[in-house]
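Peer 1: Below is the structure, and that's it, no one-letter string:
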């Protein structure tokens, strides 16, 4: 059965941010879409980056600030952020509680920091 139990989900950590893999090709449970949960610790600053395919965030806890296309907005539980391909954006958790979201990216999508070559995040492989 294609169920990933939370205790079995792989995790990756960057400063202030935890990624939990929910579905991806390398785990044999998804060939079209990579899905993960991201948790940003309160106070985590923004990191500018872009993606090569449309990325979708669905906020589930806390509050985040997003800067995209010259505009700043807030994400709260239940809100959805759709990041178009090749659009630089920043996401931060400036509040007093952690921000969590479920994120989807088509398989093959990559991320790039400004001035860097695109790379495939391990939670999407």
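Peer 2: Yep, it's here. Model, not experiment: these values are computed from the prediction.

Peer 1: Check residue 8 and give its pLDDT.
Peer 2: At residue 8, the model reports a pLDDT of 87.

Peer 1: how near is it to residue 21?
Peer 2: Using C-beta to C-beta, to the nearest Å, we find residue 8 at a distance of 10 Å from residue 21. From N, CA and C alone the C-beta is placed, and that goes for glycine too.

Peer 1: residue contacts, the nearest residue to residue 40 once chain neighbours are set aside?
Peer 2: Leaving aside its sequence neighbours, residue 40 sits nearest to residue 93 (C-beta to C-beta, 6 or more residues apart in numbering; 3.9 Å). Taking C-beta atoms under 8 Å, 6 or more residues apart in numbering, we find residue 93 in contact with 16, 40-44, 62-65, 99.

Peer 1: again, but for residue 52
Peer 2: Counting by C-beta under 8 Å, 6+ apart, residue 52 has contacts 85-86, 108-112, 118.

Peer 1: of the residues you listed, buried ones?
Peer 2: 109, 111-112 (16 or more other C-beta atoms under 10 Å).

Peer 1: circling back to that earlier point, dump the contacts of residue 93 into TSV; add neighbour count, pLDDT and distance to residue 50 as well.
Peer 2: Shown next, in TSV, are those (neighbours: other C-beta atoms under 10 Å; pLDDT from 0 to 100; distance: C-beta to C-beta, whole Å):
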residue	neighbour count	pLDDT	distance to residue 50
16	16	94	20
40	22	97	18
41	14	97	23
42	14	96	25
43	12	94	24
44	19	92	19
62	20	97	23
63	18	96	23
64	26	96	17
65	16	97	18
99	27	97	20
